[in-house]
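In: Provided below are the primary sequence and the corresponding predicted coordinates.
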2 protein chains.
Amino acid sequence: MALIVAKFGGTSVADIERIERAADKIACEVESGHQVAVVVSAMSGVTNQLVGYCGEVSKMHDLREYDVVVSSGEQVTSGLMAMALQKRGIAARSWMGWQVPIKTNDIHGKARIEDIDTVELHKRLGNGEVAVVPGFQGITDANRVSTLGRGGSDTSAVALAAALKADRCDIYTDVDGVYTTDPRIVPGARKIKKIAYEEMLELSSLGAKVLQTRSVEIAAKQKVSLQVLSSFEDHVGSDMPGTLVTKEEDIMEQELVTGIAFSRDEAKVTILNVPDVPGVAAKIFSPLADSNVNVDMIVQNISTDGKATDMTFTAPKNELEQALAVLTKQDFLKKSKIISASNVAKVSVVGIGMRSHAGVANTMFETLAEKNINIQVISTSEIKISVLIEEDYTELAVRALHAAYGLEETA
Amino acid sequence: MALIVAKFGGTSVADIERIERAADKIACEVESGHQVAVVVSAMSGVTNQLVGYCGEVSKMHDLREYDVVVSSGEQVTSGLMAMALQKRGIAARSWMGWQVPIKTNDIHGKARIEDIDTVELHKRLGNGEVAVVPGFQGITDANRVSTLGRGGSDTSAVALAAALKADRCDIYTDVDGVYTTDPRIVPGARKIKKIAYEEMLELSSLGAKVLQTRSVEIAAKQKVSLQVLSSFEDHVGSDMPGTLVTKEEDIMEQELVTGIAFSRDEAKVTILNVPDVPGVAAKIFSPLADSNVNVDMIVQNISTDGKATDMTFTAPKNELEQALAVLTKQDFLKKSKIISASNVAKVSVVGIGMRSHAGVANTMFETLAEKNINIQVISTSEIKISVLIEEDYTELAVRALHAAYGLEETA
């Protein structure tokens, strides 16, 4: 008998029929003797509509009221899910964020969970009652509703699993797991059976939109075993239906490279002739951070003459304009030339195995060279290598790398 | 300076544009120096959709979960309304039922308000902050969300006005007041400036759907002055823009007859040859009440032979089938004949003035006789006379009576 937190995303509770199907999955777990807490998102489309209403009223609305409005979608789903479970003869009730309570800080619109009271929940779960908790929402010390930011229901689920000391946190979604790369680009992409938290973090922040990054961070910190699986498939009799995100130690056969991630949402800015003096990087990037430009890769070449250097960085495409506006206002860059491009993509090779193996980077560079793909920027961490290339070559690069590291499905 | 509770119904907050218009009206009151608490309904159509979802999941759903689902509509509107007020430079915040708190009993789906804590609200109102309260919802002693039944937002508004000891409770709706009868039938129908609670109760329960009956009951009991007015008209400079529902003593010129109400939602059941023994009425109507048939008019003729009599009653059209099913099951009616008709309408003349004036009933009977309209059933109370007639004659009867009592607009 295990304690399981099961989270269903927006597409998995998109209408009553899908809520019923999700309820069937929970009923299976209950019949297997497990204790189950369910976390639900809003029915797909609902949150966007509510966010739209707030924007219509005012661009600069009070985030406390925004939270009151947008948290209602999950409230609806949780009531409906409790009803659907009861219809199956399962004791169930909904628990709003303020009823649990799920305490958060008071940063409305992107609050962080601080504490979840589990005494009553544990008692109910122990009596065989399923707890249905709306994702995305909590309550502040001021007794006001808060929300965790978009995709926050994953975070709710993982935090609840951690607080309940659950044996597993199942994230039901519209894909059946995490793949070695996007199967729409590489049809032979393979479902990853087990992946380490660190790898998942790199993959999720690099564009594989399966799990919200923050939820993986919490899972890693609290050692919550996360399972990503499809709500549209029947898992009965399947031993390991999705992808398990877990501790590195729990993964027996560590692959050298786990997956290839990519993001087309990149823009590149190069500042030519930057004064080569201490503190110049801070002078460039502080105002960018203040303007909420999310700078990602940063490359600074060494100065050849000791007086001036070049600096290149990347940022999301839709923040390029803002970045350029900020930079052209800086007095110390008066003599610099700023050039930018948005036809770039970032391709990354991720794998914990590369820590202990040389040659991973070299394989990447050689593979791209063979295909005549020019590398514009390189950035590395312990477990990933990212390169910036011309956007048109994205698919070609991903396919070539996927093959080069032997990630294809083996028949 | 007054303390005003202003309630906006579903059509008055149907979309962002209308919420903005409602916010303008509140802004006017605030600028006049008044303290304002706002009660809002769900955007029109939303509650029906949510109720529909619950029905889709299960016909026999848990009403506690139903309340979680359907209360969300008002939550959304209250957040949006607070934002719209803030945009106008007015301090405002939303207060969910559980935040105020608005305590109700635990009859989920049709809870009754037991207590409203006004300490914090009074403090905030005193500081010039507008309180936006979602109608229709409250919280039980078990800390669960409750709702007051359809149309409950009127009740929320009146109860809040009573608790706050407000000077006035303004009910903004899609009509500009209470009329002497339905203007769609009698174009010369006149807006009533002042009406007594008792009259309004008769009118609202008889088919004039302007105010929820329970809200008028509470207003009468707690002596809350209710004003019904249109949210689509500009009332600036208007002394008495709608209809004031108030104490009888506050109405100087009491009309003999205040209005003509009618309802086509009637069905008639006659039981012929009912045993004329004590207790027979109870034996007929108890099982009907147990089956939730809302019996309205009841007429029993005197027995001519001392052995058997006839009994006629009316009920809503959609409960006729249920009523007949219950009656045909009764053993003691085995020898009776049950006949029914659903092509009937109830027309009522209402007015406090008739208490002290004879002849009101006679005028009604003569007027209908002149038009050759047959009266099937008569039922009277202190301040109203109702007759059941063939449905086809409804408009004719209403027009003739409206003229006979001199209720037309005088040029």
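Out: Structure received.
In: Break down the stretch 1-150 of chain A into its strands, ranges please.
Out: Using DSSP state E, counting those that start in this stretch, the strands of the stretch 1-150 of chain A run over residues A:3-8, A:35-40, A:92-94, A:102-104, A:113-116, A:130-134, A:137-139, A:145-147.
In: As a markdown table, those with mean neighbour count and mean pLDDT would be great.
Out: The C-beta positions use only the backbone N, C-alpha and C, and glycine is treated the same way. Converted to a markdown table, the strands of the stretch 1-150 of chain A look like this (neighbours: other Cβ atoms under 10 Å in any protein chain shown; pLDDT from 0 to 100):
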| stretch | mean neighbour count | mean pLDDT |
| --- | --- | --- |
| strand A:3-8 | 25 | 97 |
| strand A:35-40 | 29 | 98 |
| strand A:92-94 | 26 | 98 |
| strand A:102-104 | 24 | 98 |
| strand A:113-116 | 17 | 97 |
| strand A:130-134 | 27 | 98 |
| strand A:137-139 | 27 | 98 |
| strand A:145-147 | 29 | 98 |
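In: Which of these sits closest to B:T213?
Out: Nearest to B:T213, of all the strands of the stretch 1-150 of chain A, is strand A:92-94, at 30.9 Å by Cβ to Cβ.
In: Which strands border that closest one, and is each parallel or antiparallel?
Out: Paired neighbours of strand A:92-94 in the sheet (DSSP bridges): strand A:130-134 (parallel).
In: what about the residue in the stretch 201-350 of chain A positioned nearest to chain B, how many neighbours?
Out: Residue of the stretch 201-350 of chain A nearest chain B, by Cβ to the nearest Cβ: A:S231 (17.0 Å). Number of residues near A:S231 (other Cβ atoms under 10 Å in any protein chain shown) recorded here: 25.
In: Settle this for me: it is touching A:A22, isn't it.
Out: Yes - distance between A:S231 and A:A22: 5.9 Å, which falls inside the contact criterion (Cβ atoms under 8 Å).
In: Need the overlap of contacts for the two.
Out: Shared contacts of A:S231 and A:A22, defined by Cβ atoms under 8 Å, 6 or more residues apart in numbering or on different chains, are found at A:8, A:12, A:172.
In: A:E233 looks like it's in a helix, true?
Out: No - applying DSSP: H, G, I helix; E, B strand; the rest coil, one finds A:E233 to be coil, outside a helix.
In: excluding its backbone neighbours, what's nearest it?
Out: Spatially, and ignoring its direct neighbours in sequence, A:E233 is nearest to A:D176 (5.9 Å; Cβ to Cβ, 6 or more residues apart in numbering or on different chains).
In: That neighbour in helix, strand or coil?
Out: Secondary structure state of A:D176, per three-state DSSP, is coil.
In: for A:A315, phi and psi?
Out: Main-chain torsions, A:A315, degrees, to the nearest 10: phi -150, psi 160.
In: Please tell me how far it sits from B:E17.
Out: For A:A315, the distance to B:E17 equals 37 Å [Cβ to Cβ, to the nearest Å].
In: residue furthest from the geometric center of chain A?
Out: Relative to the average C-alpha location in chain A, and by Cα atoms, centre = their mean, no residue lies farther out than A:D305, which sits at 42.7 Å.
In: and A:I373, how many neighbours does it have?
Out: A:I373 has 20 neighbours, counted by other Cβ under 10 Å.
In: what's near enough to touch the closest residue to it other than its chain neighbours?
Out: Nearest-residue entry for A:I373: A:Y393, 4.7 Å, with adjacent residues in sequence omitted and distances by Cβ to Cβ, 6+ apart. Under the criterion of Cβ under 8 Å, 6+ apart, the contact partners of A:Y393 comprise A:345, A:371, A:373.
In: Reformat those into CSV and put secondary structure and pLDDT next to each item.
Out: Shown next, in CSV, are these (DSSP: H, G, I helix; E, B strand; the rest coil; pLDDT from 0 to 100):
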residue, secondary structure, pLDDT
A:A345, strand, 95
A:K371, coil, 95
A:I373, coil, 95
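In: which bits of chain A sit near chain B?
Out: By the criterion of Cβ under 8 Å from any Cβ of the partner chain, the positions of chain A lying close to chain B are A:16, A:19-20, A:50, A:53-54, A:56-58, A:61-62, A:64-69, A:72-73, A:75-76, A:78-80, A:82-84, A:86-87, A:93-94, A:96, A:98-99, A:143-145.
In: Do you know the pLDDT at the closest residue to chain B within the stretch 151-300 of chain A?
Out: In the stretch 151-300 of chain A, the residue found nearest to chain B is A:S153; the distance is 16.3 Å by Cβ to the nearest Cβ. The model reports A:S153 with a pLDDT of 95.
In: Could you tell me which residues make contact with it?
Out: With contact set as Cβ under 8 Å, 6+ apart, A:S153 has these partners: A:7, A:9, A:39-41, A:74, A:135-136.
In: Repeat that for A:Y53.
Out: For A:Y53, the residues meeting the contact criterion (Cβ under 8 Å, 6+ apart) are A:69, B:16, B:76, B:80.
In: circling back to that earlier point, buried among the residues of chain A next to chain B? Need that as a selection in PyMOL.
Out: Selecting just the buried residues from the residues of chain A next to chain B in PyMOL takes one command, with 16 or more other Cβ atoms under 10 Å in any protein chain shown as the test:
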select buried, chain A and resi 16+19+20+50+53+54+56+57+58+61+62+64+65+66+67+68+69+72+73+75+76+78+79+80+82+83+84+86+87+93+94+96+98+99+144+145
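In: Can you list which of the residues of chain A next to chain B are found in helices?
Out: A:16, A:19-20, A:50, A:53-54, A:56-57, A:64-69, A:72-73, A:75-76, A:78-80, A:82-84, A:86-87 (DSSP state H).
In: Flag the shaky bits of the stretch 301-411 of chain A, pLDDT-wise.
Out: Using pLDDT under 70 as the threshold, the predicted model of the stretch 301-411 of chain A has low-confidence ranges A:410-411.
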